[in-house]
Every structure is written in structure tokens, then in C-alpha cells.
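[1] build the 3D model from these lines:
(chains A and B)
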Amino acid sequence: MSFLSKQTVLDELKKAKASKTKEWRDNLPTWCPGCGHFTGLHGLYEAAEKLKIPPKDFVVVSGIGCSGRFPFFIKGFGLHGLHGRAIPIATGIKVASPNLTVVVVGGDGDGVGIGGGHFPHAARSNFNLTYILLDNSIYGLTKGQISPTSPMGMKSGTSPYGNIARPLNPTTLALAYGATFVARTFSRERDMVSELITKAIQHKGFSFVHDLSPCVVFNKDVTYDSWNNVAKKLPEEHNTLDRSNAITLAESTNPIYQGLFFREEIPTFDDHVKQVRDGLNQPA
Amino acid sequence: MKYSEITIRFCGIAGDGIVASGKILAGACAKIGLHVMVNNIYSAEIRGLGKSSATIRFSTSKLYSMGDGLDLLVGMVSKESIIDLRDVKERGNVIYDTSTIGDVVEEDSLVSHITPEIQGHGLPITKLANEASGTNQGKNLVAIGAICYFYSLPPEMFVDQIKGLFTRKGERVVEINIKAFRLGYEYFKENYPLNNQFEIDKRSKPRKLTSGNDAIAKGAIDCGLKFFAGYPITPATKIMEIAAKELPKLGGWTLQMEDEIAAIGAVLGAWFAGKRAMTATSGPGLSLMSEMINLSVMAEIPTVIVNVQRGGPSTGLPTKVEQGDLNIALYGGAGDSPRVVMAPTDTEECYSGIQLAFDIAEKYQTPVIFLSDLFLGQRTETVTIKENIDRDRCTRKKPTSEQLKNFLRYQITDDGVSPLIVPGEPGAVYSTTGLEHSAKGNPNYESDVHSMMTAKRFRKFDSMVADLPTADILGDETAEIGIAGWGSTIGSILEGMEIAKKQGVKTKLIKSIMIHPQHEDSFRKFFDSCKKIIIPEMNYQGQYAALLKSRYGIKPIEIHIPAVNPVSPLKIAQKIMETNSELSQ
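    Predicted structure coming up:
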């Protein structure tokens, strides 16, 4: 592991400033070289550029963890809040100001550990939010402890004799919670990440992108290589309206499928609110 | 006998229609133009297990508390009413159910506990209810009919109330209840010749009944509340229910969240997006919100949190009053975490105070914790609220075009308040964080930055004092005994002072809706002018006294009441008399 030289940083900065996504770039990321999160960030830049989201209407909300730093790297409004609480904060923003594009970014500990109670309710309410969960199966910012998605047997500072709890599968959870757009991506695949994040933002309703995003510093068990060996695109014949088949595919550990698992267009939270208000405004 | 003030209590089992009895009696009295205050006491169970009671106090002059003692106790059930006999005044009255006397053993029978100082009046409550409805339905109305005759109140007002309350349940229910009312009225007319008269001023105008919770919800909506997020909790839920009903009509919305952390999180999000937002909770919920309150402090996102206090700690006493959350409101957070704490002292202040809370929160970008309590929140009373409706109210400090050129979200300013823009507004963007940050808002852990930013966050509290109402001083300015109080205890203090005054003892009171920050000069001046200071409050520790002692260096006489019932004015008066005799020694 080598740290970036000053020249490399300056070169990167120059490249970024010249790129087509420069309008959405802010501070240079502070992640370790090789971190999977760079791909997610790149995907979000590309989505913002493709969809021409004006920075003034773009809000990125995050929790705590390595992924929590997203808002500082993106030109737009940002709220780096509390561990596990990005979803409720984003909900308040979106319900108060429905014209904004609100994206929630968080990690595995943030989303299905400490904040695990919020995810189902945002999904079932079908708020028009996009939730990107960058899953590295480790607590990185506290320097390497098991997370709710760590495999059984994984050793870490807090599991010196091996993890004895089974891992959660965020893709399966999103499908079970009733999310109306569910995708899984792998940080190795830059184009797929960009494409699915873009589609997720375009989706009307609660969209979820589970990005497998390796931590190259602290996780020796779940790595680019370990995922490389099993990652596979979803079968082309998969029907994205078939939630139960999507769950079956999401549960598979070999291969681990990537792509769009599920998408349906049903009335969003905003649609229901409008219906209630219209009803109230009608003369009795 | 002529009365100008009466206190009546209905006692029954949860589910007996006790609350409805209070509503009908209070509604009729308010319509006549009397001043009314109603306090319901019930257990945390919905039915069967616990006792329920409704106490209604009505008077020809303004009421500040529930007072002391009962003029009339109505025992809808026998055994559970016995203990309430101790609250009946000397020469007070009891109505008991003659149709169930044989159903319980003598020691459980209300009538066998009636002492010679109290007058018992038998009324076949169950029998007459059965005559009216064929079931026990209408028992409460039989009793109300009797009361109406007993105090010579106008029966037509009661019939109106019954119609108002039961019409949605159907014609038959209305008929049954009116019949039950008439039977009770007639029974008393035949058996107890009229000798009580309530003095009614025929010129009085009808009054409206409001609760503290109603007033908070209405005040918030009238000053521009657009978003409410909450989680149901006794005794604050009513505020959320009103918001849920009213906000959609005004283009706003109410979200019932998965827990209190999510509720306050969504409220912070809405404020971040520039909308006036609020949550309402009680002690257990406020505990859960602590970390989010800290985020509000650190990121300088405004927020308004209503805490209708109940007995604690933990789940505590969900349906009983206490003022035990002052410490968590003031200090419940990690780090140096300043927040505004306000406590309305009556229903009118619930309305005007919550509007001030929004103005302060928005202008100074700070959390405001608004401490009501169960007694203030749930009691209904006749009050005159001075409406102030401006749903576009905004006190946010907006950036100048010059400031937008290089927008610094946490710009260091003299008053500590930095200009703020919100998503969707053109000119600049920013990211905020719960991490310590630079003026731009980027994470920064330098010691000088932390010192500067902490000082800025505290400086706002010095600058806001100019916007705050000064403390009120009531009573006799020349008095040597001074009282300081907060929240709903103020009502009992005022009546306690009145009792002492009638016995020739002068007192004065300092009260302020602002707990932190306060107009310290007015408190200092007040305390300097007192020989003795009494601080009564409804908690075991003396949390407000502790604050005032550390802030003003006073040595007060403290009255700590871990409450279940509202404070007795008599208890305050006794302390005043005691203090007075110490002074004259």
C-alpha cells in the first residue's frame, strides 16, 4: 500500500477539473487508494451529469463511516449526519421539498446495522429517494471490525475467534421490504455502476443500489478477488417484475449476481400525498 | 347555599365513560360562560384494570389550577371511589349508586365509608341507566342529570352537549343519553329539594375549551408549521393527531415514523430544506433524540421539539404528571451542547410560546426544547387565545449577494449567526456535518477552529437574549417572600399565593417561559429584593432550583414534589405561612 504523492494528487485534480462531470466535483476524496467507493462516487458524478441535475437541487445525505464522506466530494447540498440515520433525514428533506433530487449514501454497518430499522419503512413508503449502500463487509473507519454483512468465520479485532453470526444480504432485504427498484453492482464494473445509479435516480419511488465495494485496507476476507471469482451478470431472461425470483437470485452466493433485480412502477409517496390533498380540496 | 365555584369528580373504571362525563359537564359550563378546568386521571391501561376519574372545576372567575378538595364526588363504582372520599371538602357531597349497594361487601361499599362531615346522596344510577337504555349504558348521564339539578344549572345546555358528543354515534345513542340525563334530573328533583344555587351571570358569553396540546398544535400551525414527524407517545400524541389532520389541508404533511430517532431526523431534514417543522414527544422519546439534538447543535440546523413531560424515569408513569425532564432538556447531550429550553406556564403560553420557539429556532439555528407537561398538555380549560396567524413567517438570516460569492455556511459573525441558504435556492451550495468544521463546512479538527466554532455556537445564546421576553413579576412587589417556579406549577403557586394573601401574607412570584437562556438581570434584581425564596416544582431533585442556585448563587427553600397529581395550592400556601413565621421570629 503506497500513499498518493503530491504530484499524483495534482494530476488527479487536473484530470477531474477537465472532466465532463466537473460541475459536480467538489473536494478531492479522502479514501484509501483502491477503495471501492471511488466507483460509486464516479457513478454518482456520471448520473448527475447525464441527468443534468442542477447542484442547487441536488442533495446527498449520508451517515457515518467511510461512505459518509460522499457529500463533501459532490457539488450540491450535503448533509453528513448521524450514524445510521441518513434515511430519516433524507425523508424529511424530500417530503418537505419534493422537487429536490435526494440521494442517500451509506455503508453496510450504517444501513443494515445501526440504521437497520429505517430501511424497511423508507422502502414500504415508496419515498422518491435513491439509496446507495456501499457494502465492504467491514467497519473501516474504526479500523476493521466485523459488520452485519461479514461472512461467518471472519476474524477481526472484535471477532478474534471468528464471526459466529450469519451475514445479512442487503439486496434480499430491499426486495423483502418492498423497494420498487433493486439493483446490485460491483465496484469493479464502473459502467454498470454508473448506469444503474442513473436508472435508480430516474426511477419514481424508492430505489436501492447495493454496491459491493471492497475495503482494500482492512478486509482480507471479502476482497476484489473473492468477489471477482463469483460475480456474474443476472441471467438475461430474468423478469424484473418477478419479486420472488429476484429474491431467489439475490440469495445465491455462487454466483453472486449483479444487475437490475427488480423494478415496478406503482404510486409513490408523493402520488398518495397528492391524492389526499386533492380529496381535501374538493368541495364537499 | 350559594356557590361561585365548584369542583366535581366522577370516579369509575377505565371505559366507564368518565372522560365523556367530564366533557359534557365542562362543555355545558363553558357554554354558560363559566371558567372551567378539567383534569382526567387514568391508568395506563385502556380498560378494566385501572381506575379512571375526571375532575371538573368551574367558577365565575379565572382558574389557575385544579385547586384543593372536592365539592362533589360522584362514585360511579363503589370500591374504587372510596379513596377519593379523602379529597371531599368538609360539608361536601357524595353521590353514590343505590342500585348496587348489595353487590359488594360492606367494606367495599362507598356508602358505608361516608363520614358525618360529608353529605351522602343516593341515586339509583345503574337502575335508571337500564331504564333508559336496557343496559348499563348511560350511567354517566344519569349522574350528570342529577348534578344539573343539584347545582341548578340550565338543562338545555347539557342536552346540546349530549347531541354534540353523540350525534356521530347515531340517533339512538343520543336518545338514550338524553333519556338517562332526564331520569337522573327528575330523580334528584323529587328526592332532594333544591337548596344549592350556582351564581350565573346571564350576560356571560360562551367560552371555548382548549388543552395545552391543542394550543401547541394550533400555535405551530398558525406560525407556519409545514411538516411534523413523530412517534405516538402518551401524553403528546394529541399534538401529532392534530398536525396529521390539519397540515395536509395547508399543503403540509405529517409522518408517523418508525421511532423517535427517525422522527427528529426527519424534522431536521425538513428544516435543512427550509421548512418549519416540529416533533412532539415525552421523556422516553426525548432520551432517544439526544444524539440528533446534538447534530442540530453542531450543524446549526434549527429544530423544535415539544416534550410533554410525564412521570419517569424509563417508561415510568405514562399517565401521570411530573416535571422531571428539565435536566435532560438542558444537559442531555455529549460535548458542549447548548440548546434553548422553554417551558410554558399556561395554555395561552402554549400557543404564543411555541410561535416564539419557531422564531428563535429559525433565527438562531438552534434546537429549541419546549417543555410542557401532562397536566398542562391534557387538561382542558376555558382560555382566550390571542390568535396570531402568519403561515409564511420566516426569521431565517439570508445571505447577501456579496456573501453568496464565496459562501461560508459557518461564517464567523458578531452575533454567532451565519447566513443560511436552503436547497433549491440559487446562489451557492454547501455540505454540513456533525463533525467539527471550518467556516466553509468542511471537517476540521484543529484546536483553534474548534475553539472558535464552539464560541460561535455559544455566542448565539448571548445575542438572542435581546429577542426574548423578560420575566414576569406577579404579586406584591414589596413582599419579602419571593417564589420562583416554572411550567404548570405556576398555576398552583398563584392560587397558593392568593390563599396566603387572604391570611395577610404578601408574596411575589417570578416566572419566565425562558428557562435557558434567561433575562438574568431581572432574576438577579428579583432575588436581591427577597428575604426568602421558595422554589416549588414537581420532581424529586429540585432540577429548576439547582439551575437557579448555580446561576444566581441563591439559597432557596425548595419544595420537591415527585408528582402524580398536579400540585396542591394549599401545600404552597402552607410553605408560605411557615416561611412567614420564620421571617417574623
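[2] list the contacts of the nearest residue to B:Gly252 once chain neighbours are set aside.
    Take B:Gly252 and drop its neighbours on the chain: the residue closest to it by CB to CB, 6 or more residues apart in numbering or on different chains is B:Lys226, 4.2 Å away. Yep, even glycine has a C-beta here, placed from its N, CA and C like the rest. Contacts for B:Lys226 were tallied using CB atoms under 8 Å, 6 or more residues apart in numbering or on different chains; they are A:96, B:247, B:250-253, B:270, B:275-277.
[3] these, buried ones only, as a ChimeraX selection?
    Selection command for ChimeraX covering only the buried members of those, criterion 16 or more other CB atoms under 10 Å in any protein chain shown:
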select /A:96 /B:247,252,253,270,275,276,277
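[4] can I get the contacts of B:Lys226 in JSON lines with secondary structure and distance to B:Ile82?
    Putting the contacts of B:Lys226 into JSON lines (DSSP: H, G, I helix; E, B strand; the rest coil; distance: CB to CB, whole Å) gives the following:
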{"residue": "A:Ala96", "secondary structure": "helix", "distance to B:Ile82": "54"}
{"residue": "B:Leu247", "secondary structure": "helix", "distance to B:Ile82": "46"}
{"residue": "B:Leu250", "secondary structure": "helix", "distance to B:Ile82": "50"}
{"residue": "B:Gly251", "secondary structure": "coil", "distance to B:Ile82": "54"}
{"residue": "B:Gly252", "secondary structure": "coil", "distance to B:Ile82": "49"}
{"residue": "B:Trp253", "secondary structure": "strand", "distance to B:Ile82": "49"}
{"residue": "B:Ala270", "secondary structure": "helix", "distance to B:Ile82": "51"}
{"residue": "B:Lys275", "secondary structure": "coil", "distance to B:Ile82": "53"}
{"residue": "B:Arg276", "secondary structure": "coil", "distance to B:Ile82": "50"}
{"residue": "B:Ala277", "secondary structure": "strand", "distance to B:Ile82": "48"}
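[5] from the contacts of B:Lys226, which two are the most distant?
    The span of the contacts of B:Lys226, defined through CB to CB, is set by B:Leu250 and B:Ala270 at 14.4 Å.
[6] average pLDDT for stretch A:189-205?
    The predicted model assigns stretch A:189-205 a mean pLDDT of 97.
[7] same deal with stretch B:427-445?
    If you average the pLDDT over stretch B:427-445, you get 97.
[8] could I have the CA atoms of it written out in CSV?
    Written as CSV, here are the backbone C-alpha positions of stretch B:427-445 (Å, rounded to 0.1, in the frame of the first residue of the first chain):
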residue,chain,number,x,y,z
GLY,B,427,-26.5,31.2,-5.4
ALA,B,428,-24.5,28.7,-3.5
VAL,B,429,-24.4,25.1,-2.3
TYR,B,430,-22.9,23.7,0.9
SER,B,431,-22.5,20.5,2.9
THR,B,432,-23.0,20.3,6.6
THR,B,433,-21.8,17.8,9.1
GLY,B,434,-21.9,16.7,12.7
LEU,B,435,-18.1,16.8,12.6
GLU,B,436,-16.4,19.9,13.8
HIS,B,437,-15.9,22.0,10.7
SER,B,438,-14.4,25.1,9.2
ALA,B,439,-16.3,28.2,8.2
LYS,B,440,-16.9,26.6,4.9
GLY,B,441,-18.4,23.5,6.5
ASN,B,442,-15.6,21.1,5.7
PRO,B,443,-14.5,18.7,8.5
ASN,B,444,-11.7,20.3,10.6
TYR,B,445,-10.2,19.2,13.9
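[9] buried residues, stretch B:56-70. List them.
    B:56-59, B:63-68, B:70.
[10] measure that stretch end to end?
    End-to-end span of stretch B:56-70 (CA to CA, to the nearest Å): 9 Å.
[11] contacts for it?
    Applying CB under 8 Å, 6+ apart, the external contacts of stretch B:56-70 come out as B:4-10, B:22, B:25-26, B:29, B:34-39, B:55, B:84, B:87-89, B:92, B:199-201, B:346, B:379, B:381, B:490-492, B:494-495, B:566-570.
[12] in strands, which of those residues fall?
    Of the positions in the contacts of stretch B:56-70, B:5-10, B:35-39, B:55, B:88-89, B:92, B:381 sit in strands, assigned by DSSP state E.
[13] now, among these, which is nearest to A:Lys56?
    The shortest separation between A:Lys56 and any of those is 47.9 Å, and it belongs to B:Glu381 (by CB to CB).
[14] check contacts around the closest one.
    Shown in contact with B:Glu381 (CB under 8 Å, 6+ apart): B:35-38, B:63, B:209-211, B:347.
[15] among the residues you listed, which one lies nearest to B:Lys440?
    When those are compared for distance to B:Lys440, the smallest value, 45.1 Å, is given by B:Thr347; criterion: CB to CB.
[16] just the strands in the stretch 101-250 of chain A please.
    With DSSP state E, counting those that start in this stretch as the criterion, the stretch 101-250 of chain A has strands at A:101-107, A:130-135, A:138-139, A:145-146, A:181-186, A:207-212, A:231-233.
[17] give me the residue from the stretch 51-200 of chain A nearest chain B.
    Residue nearest to chain B within the stretch 51-200 of chain A (CB to the nearest CB): A:Gly92, separated by 2.5 Å.
[18] just want the angle from the helix or strand where that residue lies to strand A:130-135.
    Counting by DSSP states H and E, the element that carries A:Gly92 is helix A:86-96. In this structure, helix A:86-96 runs at an angle of 170 degrees to strand A:130-135, with axes from the mean of the first three to the mean of the last three CA atoms, to 10 degrees as the basis.
[19] pLDDT of helix A:86-96, averaged?
    The average pLDDT within helix A:86-96 is 98.
[20] CA-only coordinates of it in PDB, if you can.
    Output for helix A:86-96, consisting of C-alpha atoms alone and laid out as PDB, is shown next (Å, rounded to 0.1, in the frame of the first residue of the first chain):
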ATOM      1  CA  ALA A  86     -29.300   9.200   6.800                       C
ATOM      2  CA  ILE A  87     -32.600   7.700   5.600                       C
ATOM      3  CA  PRO A  88     -35.000   9.500   8.100                       C
ATOM      4  CA  ILE A  89     -33.100  12.800   7.500                       C
ATOM      5  CA  ALA A  90     -33.400  12.400   3.700                       C
ATOM      6  CA  THR A  91     -37.100  11.500   4.100                       C
ATOM      7  CA  GLY A  92     -37.700  14.900   5.900                       C
ATOM      8  CA  ILE A  93     -35.800  16.700   3.200                       C
ATOM      9  CA  LYS A  94     -37.700  15.000   0.400                       C
ATOM     10  CA  VAL A  95     -41.200  15.300   1.900                       C
ATOM     11  CA  ALA A  96     -40.600  19.000   2.800                       C
END
